[in-house]
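Student: Requesting a structural model of the entry that follows:
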Amino acid sequence: MNYILFDGPSRNDLLPFTFTRPVADIRVGILSIREKWEKVLGSVISTKTEEYISGKWPLKLEQMNIFINSSFIPTSGLVEQVKNLQEGEALFSGDDAVAYFQNGAEEAQLSRLKKIEVKDEILKIANTWDIFSKNAQAVQLDFNLLTKGRKSQKIHDSNFVKAEENVFIEEGAVVENCSLNASSGPIYIGKNALVMEGTLVRGPLAVCDNAVVKMGAKIYGATTIGPYCKAGGEINNSVLFENSSKGHDGYLGNSVLGEWCNIGADSNNSNLKNNYAEVRIWNYNTERFARTGLQFCGLIMGDHSKCGINTMFNTGTVVGVSANIFGSGFPRNFIPSFSWGGSSGTSTYKLEKAFETAEIVMQRRNKDLTEQDKNILQHVFDYTAQWRRS
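Tutor: Below is the predicted model of the structure:
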């Protein structure tokens, strides 16, 4: 069977992260949503997404295809129902199409398909804040998936460990002279990751492949430090996708950083309003501030965005793609993509300059900024001009 992940109606509610990737490539838990589905289905999965990013993530159609809504995290019961879908059937959770069977290239008419209700409890990533607020469940699911029937690397004797049965360290990882408390959730340390001495961590926690946690860091669950990310200072219930750095002192809480982001030294975000009220954050779909239902909600930052030292972010701040924020005071709680500046105002970050910075940053990790990457950023630059002031 050929499986395909499609973006679904939640795509616009997951901006700015889906400006530069399909929904399937959002990381929540230990793995990205695509990696989860590929592992449980034992198949390489292509993507149905927006045309401007489809060159990087092409669609592969065969005679028989099962389309899966990328917003849904695979659970054992859901996976079985997806595998058992037959021609003329669609799997629904309420009004949401979760998966459907399609023959060939002809678009399936969902209203004509036999509707089957999802039996298993679902985990859906429909909004940006779901990425951190549902991360505990996602980490546990991935931990079970990745460690089943396997044995952890021996935990070094220099560590203080609580609930050792919930700690799994992959081969090549180095974790010494640290405090690992997994009594409140699992701790997963990926291949070739480095957790430096003096670090205090409390699960649920994922330190993914080749990530670095710097000396004396304090990390509370549920947190994910993605592949090749750097983490330091104090971090609470946050997700870093990949290749991003929050490597210095300062606080990051109830937040999500995309890829190629950098948080300057001694920068902090607020995650709680002074009046303890529900947090509202910017929604690109409605062009209004949306209710999150959360009392704690911090920073949402899109790919390639950076902030200078001592930057202060208000509760529920949304930063777009390729923004550069610096200076004293609190910047606005919605910073459009390709903005340059801070609390005193912003100008447009020129696309050519953004390309130059991205190329330098990516080369440090032996990655190239490809023409496909540039085309995607060009599209985002043009599309988001409507929100920039200059």
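Student: Select the longest strand from the protein.
Tutor: When the chain is parsed with DSSP state E, its longest strand is strand 96-103.
Student: in terms of contact count, name the helices or strands touching that strand.
Tutor: Counting contacts by 3 or more C-beta pairs under 8 Å, 6 or more residues apart in numbering; DSSP states H and E, strand 96-103 packs against strand 64-69, helix 76-83, strand 89-93. The way it works is simple: take the backbone N, C-alpha and C, and place the C-beta from them, glycine included.
Student: Tell me the buried residues in that strand?
Tutor: Using 16 or more other C-beta atoms under 10 Å as the test for burial, strand 96-103 gives D96, A97, V98, A99, Y100, F101, Q102.
Student: for the fourth one, which residues make a bridge with it?
Tutor: This means A99. On the basis of DSSP bridges, A99 is bridged to I68, L91.
Student: quick one: contacts for it?
Tutor: I66, F67, I68, N69, Q81, V82, L85, A90, L91 (C-beta atoms under 8 Å, 6 or more residues apart in numbering).
Student: elements contacting the host helix or strand of L240?
Tutor: According to DSSP states H and E, L240 maps onto strand 239-242. In terms of contacts (3+ C-beta pairs under 8 Å, 6+ apart), strand 239-242 is packed against strand 223-225, strand 256-259.
Student: Tell me the gap between that strand and the middle of its chain.
Tutor: Its chain's C-alpha centre and that of strand 239-242 lie 5 Å apart, by C-alpha atoms, centre = their mean, to the nearest Å.
Student: Need the contact partners of that strand.
Tutor: Contact partners of strand 239-242, identified using C-beta under 8 Å, 6+ apart, comprise 17, 26-28, 131-132, 135, 208, 223-229, 231, 246, 255-259, 261, 303.
Student: Walk me through which strands that strand pairs with, and which way each runs.
Tutor: In the sheet, strand 239-242 lines up against strand 223-225 (parallel), strand 256-259 (parallel) (DSSP bridges).
Student: one step back: switch the contacts of A99 over to CSV; also include pLDDT.
Tutor: Converted to CSV, these look like this (pLDDT from 0 to 100):
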residue, pLDDT
I66, 97
F67, 97
I68, 98
N69, 98
Q81, 96
V82, 96
L85, 95
A90, 95
L91, 96
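Student: Where do the domain boundaries of the chain fall?
Tutor: With domains defined by automatic domain parsing, the chain comprises 2-125, 127-259, 283-390.
Student: where does the chain dip in pLDDT?
Tutor: 390 (pLDDT under 70).
Student: What's the first helix or strand after the strand holding L240?
Tutor: Heading C-terminal from strand 239-242 (DSSP H and E), you reach strand 245-246.
Student: downstream neighbour of that next one in the secondary structure list?
Tutor: strand 251-253.
Student: what does stretch 155-168 rub up against?
Tutor: 143, 146-147, 150, 152, 169, 175-183, 185-189, 203.
Student: hmm, back to that, for the contacts of A99, name the two members farthest from one another.
Tutor: Pairwise distances across the contacts of A99 (C-beta to C-beta) peak at 13.9 Å, for the pair F67 and Q81.
Student: still on that earlier bit, convert the C-alpha atoms of the longest strand of the chain to CSV, please.
Tutor: Extracted in CSV, the C-alpha atoms of strand 96-103 (Å, rounded to 0.1, in the frame of the first residue of the first chain):
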residue,chain,number,x,y,z
ASP,A,96,-12.4,15.5,10.7
ALA,A,97,-11.2,13.2,7.9
VAL,A,98,-8.4,11.2,9.5
ALA,A,99,-7.6,8.9,6.5
TYR,A,100,-9.2,7.7,3.3
PHE,A,101,-8.6,5.2,0.5
GLN,A,102,-8.1,6.6,-3.0
ASN,A,103,-7.6,4.8,-6.4
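Student: Next, the angle from it to strand 64-69.
Tutor: Taking axes from the mean of the first three to the mean of the last three C-alpha atoms, to 10 degrees, strand 96-103 and strand 64-69 form an angle of 170 degrees between their directions.
Student: How far off centre is strand 96-103?
Tutor: Remark: strand 96-103 is offset 24 Å from the chain centroid, using C-alpha atoms, centre = their mean.
Student: Stretch 65-82 now?
Tutor: That offset, for stretch 65-82, works out to 19 Å (C-alpha atoms, centre = their mean).
Student: residues of it that come out buried?
Tutor: Going by neighbour count (16+ other C-beta under 10 Å), the buried part of stretch 65-82 is 65-75, 78-79, 81-82.
Student: and which of those residues is nearest D368?
Tutor: For those, the residue nearest D368 by C-beta to C-beta is S70; the value is 26.1 Å.
Student: show me what contacts that closest one?
Tutor: Per C-beta under 8 Å, 6+ apart, neighbours of S70: L5, F6, D7, G8, P22, V23, A24, I26, I33, R34, T47.
Student: now do A193
Tutor: E170, G172, A173, V174, V175, V207, C208, D209, N210, A211, V212, V213.
Student: neighbour-wise, which of these leads?
Tutor: Neighbour count (other C-beta atoms under 10 Å) singles out V207 as the most crowded of those, with 30 neighbours.
Student: Kindly state the beta-bridge partners for that one.
Tutor: Applying DSSP bridges, one finds that V207 bridges with I189, I225.
Student: close enough to count as contact, it and V195?
Tutor: Yes: V207 is in contact with V195 according to C-beta atoms under 8 Å; the separation is 6.2 Å.
Student: now R291, nearest residue through space, not along the chain?
Tutor: Excluding its sequence neighbours, the residue lying closest to R291 (C-beta to C-beta, 6 or more residues apart in numbering) is R280, at 5.6 Å.
Student: ok now do the one you found, which residues does it touch?
Tutor: With contacts defined as C-beta under 8 Å, 6+ apart, R280 is in contact with F289, A290, R291, T292, G316.
Student: follow-up on the earlier one: which neighbours do V207 and V195 have in common?
Tutor: A173, I189, V213.
Student: Which residue, other than its chain neighbours, is closest to Q63?
Tutor: Leaving aside its sequence neighbours, Q63 sits nearest to G104 (C-beta to C-beta, 6+ apart; 5.7 Å).
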